[in-house]
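S.K.: The following block contains a protein sequence and its predicted model.
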Amino acid sequence: MKKIFYLLPLIFIFFLTELSGQETGSLSVESANAESADTGAVDTAASAAAGDAADADETIQEELKDASDIIAGAINEQNFRFLIRVGIALGISILQILFIWLTWKFAGFAAKKLQTYGKAHFRPIKFKKIVLMDVGHMLGLSVKIVTVLKLVLSLIQLVITIPLVFHQFEATRNLSEKLFSYILTPLKQFVFGVINYIPNLFAIAIIIIIARYIMRTIKFFTNQIERKKLVIPGFYADWARPTFNILRMLIFAFTIAFIYPYLPNSDSDIFKGISVLVGVIFSLGSSSVISNLIAGIVMTYMRPFRVGDRIKINDITGFVVERGPMSTRVRTHKNEFVSFPNQMILNTSVTNYNSSIVDNFDGYIVNTKITMGYDIPWHIVHEILINAALKIEYTEKTPAPFVNQTKLDDFYCWYEINAYTKNVSMLPTIYSELHRNIQDGFAAANISMYAPHYQVRLNS
């Protein structure tokens with residue numbers, strides 16, 4: 001690759017030398033022909049005047065000598081100028097080869113220094129716990145960037161040198177002017193475009209600064225509300241962060257809308273076509289996404305549950321581990337993770353067990369039912385059930401457990417033990433201990449838990 005860069009200027013000079021040599025040679029031939037024609041004419045004139053006077057012949061010979069000297073001087077001057085142009089082109093090419101060599105040497109030196117510096121100072125790029133780029137990839141990317149810059153600089157040097165070499169010769173001067181126009185015209189358009197775009201850049205900068213300060217102000221009030229240093233009646237502290245996220249999205253949207261007219265070629269058909277395409281894709285493919293997103297926003301302000309709450313959705317009971325803008329994840333007591341779309345949750349009844357232990361409530365009521373025959377006094381059954389509830393570590397002693405007799409059947413009575421608890425995360429354990437304590441209580445009292453059943457059989 002390096003040899004090709006070095007040989008290109010020499011190839012161009014050889015090509016131009018051949019062209020210019022042909023041009024100069026043709027000029028010399030034409031000059032010689034012109035000299036021959038003039039000489040022939042002078043000889044003819046001298047022959048015609050030979051009989052008139054002898055001194056006329058001497059005058060003609062002197063004029064021929066002077067003309068020959070003038071033509072020889074012109075040819076020598078033309079050859080000298082051509083040699084000067086060849087020398088200039090050769091000097092430009094040699095300097096270009098030297099510059100390319102220095103560029104490649106400096107690029108190699110910079111790559112080595114960058115490798116040494118990177119091994120000592122580069123750190124992996126991470127997003128939270130995800131490694132986006134480690135040190136090895138960063139070093140490799142740095143070397144590739146240096147290589148690309150080296151090739152681009154070498155190409156720019158060649159692009160500038162070739163028109164300069166072409167400009168030294170008449171045969172290729174028009175071509176050099178075209179090459180310069182190909183280089184300078186886009187560069188001139190770019191420079192004037194940047195200069196004309198400066199007022200729009202100021203406008204965009206002002207819009208971004210205003211949006212940034214608005215964002216900082218909203219974030220300050222959000223932090224104050226979250227820390228409960230600022231209390232707004234009817235506005236809960238857990239609403240602060242979701243409200244800030246919504247306002248941030250709106251501010252971003254308005255900022256983009258205000259900046260859009262100041263973007264280059266914002267009124268072109270390409271921008272309009274892209275905007276229409278994005279709108280069509282968004283409207284056709286995001287109906288369910290938008291519905292879930294809106295449902296997530298509505299649920300934020302309905303406050304049906306929070307992360308960590310024990311809830312029941314349909315037949316699934318578990319703890320909320322994540323509340324996203326599109327879905328909610330629940331971990332069951334069996335460590336099963338179930339995801340529910342927010343739209344479905346919004347249209348379904350949700351049981352929140354944690355709601356019973358906040359807002360000055362006594363707690364969630366654990367209850368279970370048993371049946372017992374009428375031959376067992378009800379106050380004995382009540383005592384056994386209440387004692388079974390009081391023995392549980394996670395039940396509240398105040399308010400005390402109580403028993404309801406919910407139904408009187410033909411052969412037995414229905415009893416329901418109720419106990420308060422504020423440890424809803426331990427409900428499976430509480431129910432298991434309650435049932436075990438009930439069995440132990442009736443066994444200690446020598447009371448069978450079999451409920452009487454009677455059947456009438458008719459013998460045919």
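M.R.: Okay, I see it.

S.K.: Which residue ranges make up the domains of this protein?
M.R.: Split into domains by automatic domain parsing, the chain comes to 2-168, 307-354, 364-444.

S.K.: and Thr222, which of those is closest to it?
M.R.: In terms of C-beta to C-beta, the element of the domains of the chain nearest to Thr222 is domain 307-354, at 17.4 Å. All C-beta atoms are positioned from the backbone trio N, CA, C, and that covers glycine.

S.K.: any chance you could map the strands in this protein?
M.R.: Here the chain has its strands, by DSSP state E, at 125-127, 130-133, 310-313, 316-323, 327-332, 337-341, 350-352, 364-373, 402-408, 412-421.

S.K.: so the fourth one versus strand 327-332, what angle?
M.R.: When axes from the mean of the first three to the mean of the last three C-alpha atoms, to 10 degrees is applied, the directions of strand 316-323 and strand 327-332 differ by 130 degrees.

S.K.: distance between strand 316-323 and the chain's centre?
M.R.: In this view, strand 316-323 has its centroid 31 Å away from the chain centroid, taken as C-alpha atoms, centre = their mean, to the nearest Å.

S.K.: how far off strand 337-341 does that strand point, in degrees?
M.R.: Going by the same axes, to 10 degrees, strand 316-323 makes 70 degrees with strand 337-341.

S.K.: helices and strands around strand 316-323, which ones?
M.R.: Judged by 3 or more C-beta pairs under 8 Å, 6 or more residues apart in numbering; DSSP states H and E, strand 316-323 is in contact with strand 310-313, strand 327-332, strand 337-341.

S.K.: Now render the strands of the chain as CSV, adding mean neighbour count, distance to Leu114 and mean pLDDT.
M.R.: Compiled in CSV, the strands of the chain are given as follows (neighbours: other C-beta atoms under 10 Å; distance: least, C-beta to C-beta, whole Å; pLDDT from 0 to 100):
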stretch, mean neighbour count, distance to Leu114, mean pLDDT
strand 125-127, 10, 16, 76
strand 130-133, 10, 15, 76
strand 310-313, 20, 55, 92
strand 316-323, 16, 42, 92
strand 327-332, 18, 45, 92
strand 337-341, 14, 46, 92
strand 350-352, 16, 57, 90
strand 364-373, 18, 64, 92
strand 402-408, 13, 78, 94
strand 412-421, 20, 65, 94
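
S.K.: With respect to Leu230, which of these lies nearest?
M.R.: Across these, closest to Leu230 is strand 316-323 (C-beta to C-beta), at 23.7 Å.

S.K.: re the thing from before, would you mind giving the helices and strands packed on strand 316-323 as CSV with distance to Ile209 added?
M.R.: Conversion of the helices and strands packed on strand 316-323 to CSV gives the following (distance: least, C-beta to C-beta, whole Å):
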stretch, distance to Ile209
strand 310-313, 44
strand 327-332, 37
strand 337-341, 40
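
S.K.: and of these, who's closest to Ile92?
M.R.: Across those, closest to Ile92 is strand 327-332 (C-beta to C-beta), at 67.9 Å.

S.K.: Show me what the closest one pairs with in its sheet, parallel or antiparallel.
M.R.: In the sheet, strand 327-332 lines up against strand 316-323 (antiparallel), strand 337-341 (antiparallel) (DSSP bridges).

S.K.: For Phe252, which non-adjacent residue is closest in space?
M.R.: Of all residues not flanking Phe252 in the chain, Ala211 sits nearest, at 7.9 Å (C-beta to C-beta, 6 or more residues apart in numbering).

S.K.: Okay, the one you found and Phe202: tell me how far apart.
M.R.: 15 Å (C-beta to C-beta, to the nearest Å).

S.K.: what does Phe411 give?
M.R.: Distance of Phe411 to Phe202, given as C-beta to C-beta: 91 Å.

S.K.: Look at Arg123 and say how many residues are nearby.
M.R.: 9 (other C-beta atoms under 10 Å).

S.K.: Who are the contact partners of the closest residue to it other than its chain neighbours?
M.R.: In space, and not counting its chain neighbours, Arg123 is closest to Val135: 7.2 Å by C-beta to C-beta, 6+ apart. For Val135, the contact set (C-beta atoms under 8 Å, 6 or more residues apart in numbering) comprises 118-119, 122-124.

S.K.: Buried subset of the residues you listed as a PyMOL selection?
M.R.: Listed next is the PyMOL selection for buried residues among the contacts of Val135, using 16 or more other C-beta atoms under 10 Å:
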select buried, resi 118+122
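
S.K.: All the helices of the stretch 351-460 of the chain, residue numbers only.
M.R.: Ranges of helices in the stretch 351-460 of the chain, per DSSP state H, counting those that start in this stretch, are 378-390, 427-444.

S.K.: coming back round to it: distance to Leu263 added to the domains of the chain, as TSV?
M.R.: What follows is the domains of the chain, written out as TSV (distance: least, C-beta to C-beta, whole Å):
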stretch	distance to Leu263
domain 2-168	27
domain 307-354	29
domain 364-444	54
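
S.K.: what's the closest of those to Thr217?
M.R.: So among the domains of the chain, domain 307-354 is nearest, using C-beta to C-beta, at 23.9 Å.

S.K.: Can you measure across that closest one, start residue to end residue?
M.R.: Domain 307-354 has an end-to-end distance of 11 Å (criterion: C-alpha to C-alpha, to the nearest Å).

S.K.: Which among the helices of the stretch 351-460 of the chain is found nearest to Arg241?
M.R.: Minimum separation from Arg241 across these (C-beta to C-beta) falls at helix 427-444, 29.4 Å.

S.K.: if we can go back for a sec, as CSV, the helices of the stretch 351-460 of the chain with distance to Phe106 would be great.
M.R.: Listed next are these as CSV, based on distance: least, C-beta to C-beta, whole Å:
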stretch, distance to Phe106
helix 378-390, 85
helix 427-444, 72
